[in-house]
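**Student:** give me a model of this one.
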Amino acid sequence: MNSIESRVKAQQQKQLLWICSTALLIMALAGYKFYTHGLPYLSEKIAAAIPASIYTTVDKNTLESLDDSEFEQSQLSETKQQALRSLFLSLLNEETTSERQFKLEFRNWDGKANAMALADGTIVITDAMVNLASEQQELSAVLLHELGHVEHNHVMESIVSSSIVFAGLTLTLGDVSALADVILQGAVVSINQSYSRQAELEADHYASEQLIALYGNAQAMQSILAKLAEEYPDETSWLSTHPSFEDRIKKIESE
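**Tutor:** This is a model prediction of the structure:
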């Protein structure tokens, strides 16, 4: 009888182990599915519903936070900055989202060639990027790429996505008092993390289309990516994005 009971218990333990393993696998697959499909979809819908005033506030707070922690004052001359701002304004067309508060800011960022877009249309370009993109068309390519992120709302979607993850962790750990800082943390983290491959290619496509309309070709986009690949062979892009410089150049050439 004891032998039978032992075999029954052993069988039950095996079944329980199988059930637990299956449940964990299902949970892992569900989590992965949500992260790769559900989270981007949810972030897109939430970002689209956020009032314009929130975009402005997030931009202001994010730039202030980055100025305190990451950026240094630009060393570009006022004449150079004004010329680049004039170029930037010339790139804003009728298709540009009217609700955004577009402006161009200049900063140093560890001496690296970088450019980034904030949620409400603020574009930050570093001195090193300005020096690397020596021709006007290359500077246009960089600025248009960042404008592409704004046009597709990639910035706020990334902030929302990061904030959802932060909020989930905060609630899980029980630190509800920290929830008020989640949006700002999400905004800063989204600057330092990569965009998705799709978002990066969409911004490249937007820039290429605008360059063709302005100059008749998108060679400037390819040339600045080639310069960045040579300058930073261990980096995938000026903002450590997912697709490599080479992949992005090939994609532009194929369009």
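**Student:** which residue sits closest to Asn108, ignoring its sequence neighbours?
**Tutor:** Glu72 (4.0 Å; C-beta to C-beta, 6 or more residues apart in numbering). All C-beta spots, glycine's among them, are computed from the backbone N, C-alpha and C.
**Student:** so that neighbour makes contact with Gly111?
**Tutor:** No: the pair Glu72 and Gly111 does not pass the contact test of C-beta atoms under 8 Å, sitting 9.2 Å apart.
**Student:** looking at those two now, which is surrounded by more residues?
**Tutor:** Glu72 (13 against 10; other C-beta atoms under 10 Å).
**Student:** show me the contacts for the more buried one.
**Tutor:** For Glu72, the contacting residues are 107-109, by C-beta atoms under 8 Å, 6 or more residues apart in numbering.
**Student:** next one, pLDDT for it please.
**Tutor:** Here, the pLDDT recorded for Glu72 equals 96.
**Student:** for Leu16, same thing?
**Tutor:** 69.
**Student:** ok, the one 4 residues further on next?
**Tutor:** For Cys20, the model assigns a pLDDT of 70.
**Student:** how many neighbours does it have?
**Tutor:** 10.
**Student:** A helix includes it, no?
**Tutor:** Yes: note on Cys20: a helix contains this position according to DSSP: H, G, I helix; E, B strand; the rest coil.
**Student:** which stretches of this structure have low pLDDT?
**Tutor:** 1-16, 21-25, 27-39, 94-98, 165-195, 234-242 (pLDDT under 70).
**Student:** let's see 80
**Tutor:** 1-44, 47-49, 93-99, 161-197, 233-245, 255 (pLDDT under 80).
**Student:** can you list the residue ranges for helices in it?
**Tutor:** Counting by DSSP state H, the chain has helices at residues 2-33, 39-49, 52-69, 78-91, 127-132, 136-151, 154-173, 182-192, 197-215, 219-231, 245-254.
**Student:** need those helices in a markdown table (columns: distance to Ala115).
**Tutor:** Output for those, formatted as a markdown table (distance: least, C-beta to C-beta, whole Å):
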| stretch | distance to Ala115 |
| --- | --- |
| helix 2-33 | 32 |
| helix 39-49 | 21 |
| helix 52-69 | 13 |
| helix 78-91 | 11 |
| helix 127-132 | 5 |
| helix 136-151 | 5 |
| helix 154-173 | 13 |
| helix 182-192 | 11 |
| helix 197-215 | 11 |
| helix 219-231 | 10 |
| helix 245-254 | 14 |
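**Student:** please identify the deepest-packed of those helices.
**Tutor:** Comparing the helices of the chain by mean neighbour count (mean count of other C-beta atoms under 10 Å), helix 136-151 ranks first with a mean of 23.
**Student:** same for that helix, what does it pack against?
**Tutor:** helix 78-91, strand 115-117, strand 122-126, helix 197-215, helix 219-231 (3 or more C-beta pairs under 8 Å, 6 or more residues apart in numbering; DSSP states H and E).
**Student:** CA atoms of it as PDB?
**Tutor:** What follows is helix 136-151, C-alpha atoms only, in PDB (Å, rounded to 0.1, in the frame of the first residue of the first chain):
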ATOM      1  CA  GLN A 136      24.400  71.900 -45.100                       C
ATOM      2  CA  GLN A 137      22.600  69.000 -46.700                       C
ATOM      3  CA  GLU A 138      24.100  66.600 -44.100                       C
ATOM      4  CA  LEU A 139      22.900  68.900 -41.300                       C
ATOM      5  CA  SER A 140      19.500  68.900 -43.000                       C
ATOM      6  CA  ALA A 141      19.500  65.100 -43.000                       C
ATOM      7  CA  VAL A 142      20.300  64.900 -39.300                       C
ATOM      8  CA  LEU A 143      17.600  67.500 -38.400                       C
ATOM      9  CA  LEU A 144      15.000  65.900 -40.700                       C
ATOM     10  CA  HIS A 145      15.700  62.500 -39.200                       C
ATOM     11  CA  GLU A 146      14.900  63.900 -35.700                       C
ATOM     12  CA  LEU A 147      11.800  65.700 -37.100                       C
ATOM     13  CA  GLY A 148      10.700  62.300 -38.400                       C
ATOM     14  CA  HIS A 149      10.700  61.000 -34.800                       C
ATOM     15  CA  VAL A 150       8.500  63.900 -33.800                       C
ATOM     16  CA  GLU A 151       6.200  63.500 -36.800                       C
END
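**Student:** that concludes my questions; thank you for your assistance.
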